[in-house]
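**Q** Below are the sequence and a predicted model; questions follow.
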Amino acid sequence: MPRLSEVIAALDALWPPERAESWDAVGTVCGDPDTAVQRVLFAVDPVQEIADEAVKLGADLVVTHHPLYLRGTTTVAAGHFKGRVVHTLIKNDVALHVAHTNADTADPGVSDALALALDLRVTGPLVPDPGDPHGRRGLGRICELDVPETVREFAARAAKRLPATAQGIRFAGDPDAPVRTVAVSGGSGDGLFEQVRAAGVDAFLTADLRHHPVSEAREHARLPALVDAAHWATEWPWCEQAAAQLDRISDREGWNLRVHVSKTVTDPWTSHLSAPFSSPGAPN
Ligand SMILES: [Zn+2]
């Protein structure tokens, strides 16, 4: 069985920590480098439910996309919800490792997994990493559809192929407009509108789209359709991709790891009611 330090070294080769954004907090949160690792669990969020799942599963290592602590802390007391996660993990000999923006921009990265889940053909990054001579790394992906479809059909594709959440899929734009090329970006993507517009795609699928950025983008000329999915749903496909990558490494190294992907929905939204279409103040 490999030691934690060997597994972490393999993960760091997939998602080099030095490629994370300067504000990010990636790497190992807890764990003894000398402990043996046999079972690994991949998940999006390092929340209590995932820590409990890891303990139940008998995992030695949890790899999450989101950091547990993005900013510094002066306590890991179990009376705080994040401290409780740390306690649960350490008491049960479970390590926690984070690959966040270093996994976003990797090749393959979070948006490659999203594109694959949607059955889209990736043609390149939306925001290329200038340090990559092959032009494959970077934020977001530009993709082509084999057969053009309407905005409504593309949104339906996302609803069908991404894991189900309370939010589902919403979109802005002409439902009947044709879609041949799309940009996708796992996680919050409303900071990328300029690059999306410059890419000249027909639609942009991402998460966490807010009123003002969307309203202003809608007023702007040459606007692609905007398709908004739940943040967790756009990043969960990365867990499967990452688990498959670690599986291959385990086979190559003869590690015999047991690699799992959590199916627990940790998107914070739990319910969604579709309001009937009527003018404000109109009787229902
Ligand atoms: Zn995210």
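**A** That came through, no problem. All figures in this text were calculated on a predicted structure; none of them were measured in a lab.

**Q** What pairs with the longest strand anywhere in the chain, parallel or antiparallel?
**A** Selection of the longest strand in the chain by residue count, based on DSSP state E, yields strand 138-150. Sheet partners assigned to strand 138-150 using DSSP bridges are listed as strand 121-128 (antiparallel), strand 178-188 (antiparallel).

**Q** The ion is nearest to which of the ones you listed?
**A** With C-beta to the ion, the closest approach to the ion among those belongs to strand 178-188: 3.4 Å. (C-beta placed from N, C-alpha, C; glycine too.)

**Q** Please identify the buried residues of that closest one?
**A** 179, 181-187 (16 or more other C-beta atoms under 10 Å).

**Q** can you put the strands paired with strand 138-150 in CSV and add mean pLDDT and distance to the ion?
**A** Listed next are the strands paired with strand 138-150 as CSV, based on pLDDT from 0 to 100; distance: least, C-beta to the ion, whole Å:
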stretch, mean pLDDT, distance to the ion
strand 121-128, 98, 16
strand 178-188, 98, 3
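
**Q** so which of those strands gets nearest V147?
**A** strand 178-188 (9.1 Å; C-beta to C-beta).

**Q** From the chain's centroid, how far away is that closest one?
**A** 14 Å (C-alpha atoms, centre = their mean, to the nearest Å).

**Q** With stretch 89-104 instead?
**A** Distance, centroid of stretch 89-104 to centroid of chain: 15 Å (C-alpha atoms, centre = their mean).

**Q** buried sites along that stretch?
**A** In stretch 89-104, counting by 16+ other C-beta under 10 Å, buried: 89, 94-104.

**Q** Looking at these, which is nearest R258?
**A** Of these, the one sitting nearest to R258 (C-beta to C-beta) turns out to be V94, at 13.8 Å.

**Q** secondary structure class for F171?
**A** Using DSSP: H, G, I helix; E, B strand; the rest coil, the structure places F171 in strand.

**Q** now the strand or helix carrying L246 and strand 178-188, what's the angle there?
**A** For L246, the element it lies in under DSSP states H and E is helix 231-253. Relative orientation of helix 231-253 versus strand 178-188 (axes from the mean of the first three to the mean of the last three C-alpha atoms, to 10 degrees): 80 degrees.

**Q** could we number from 321 for the rest of this?
**A** Fine by me, first position is 321 from now on; the one you just mentioned is helix 551-573.

**Q** possible to save the strands paired with strand 458-470 as CSV with distance to R517?
**A** Output for the strands paired with strand 458-470, formatted as CSV (distance: least, C-beta to C-beta, whole Å):
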stretch, distance to R517
strand 441-448, 11
strand 498-508, 10
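
**Q** Tell me the gap between the helix or strand bottoming out on mean pLDDT in the chain and the middle of its chain.
**A** One helix or strand of the chain scores below all others by mean pLDDT, DSSP states H and E: helix 531-539, with a mean of 87. Distance of helix 531-539 from its chain centroid, counting by C-alpha atoms, centre = their mean, is 24 Å.

**Q** Then stretch 494-502?
**A** 24 Å.

**Q** And for stretch 325-338?
**A** 18 Å.

**Q** picking that back up, looking at the strands paired with strand 458-470, which is closest to G399?
**A** Here strand 498-508 is closest among the strands paired with strand 458-470 (C-beta to C-beta), at 30.0 Å.

**Q** Now the element after the closest one, going C-ward?
**A** helix 513-519.

**Q** From the contact counts, what lies against that next one?
**A** If contacts are counted by 3 or more C-beta pairs under 8 Å, 6 or more residues apart in numbering; DSSP states H and E, helix 513-519 sits against strand 441-448, strand 458-470, strand 498-508, helix 531-539.

**Q** before we move on, the earlier item: please name whichever of the strands paired with strand 458-470 is nearest to G520.
**A** strand 498-508 (7.5 Å).

**Q** just checking, L465 touches V502?
**A** Yes. Judged on C-beta atoms under 8 Å, L465 makes contact with V502 at a distance of 7.1 Å.

**Q** from the middle of its chain, how far away would stretch 379-395 be?
**A** The answer for stretch 379-395 is 15 Å, by C-alpha atoms, centre = their mean.

**Q** That stretch: which residues count as buried?
**A** 379-388.

**Q** and which of the residues you listed is nearest to A363?
**A** Distances from A363 to the buried residues of stretch 379-395, taken by C-beta to C-beta, are shortest for T384, at 5.2 Å.
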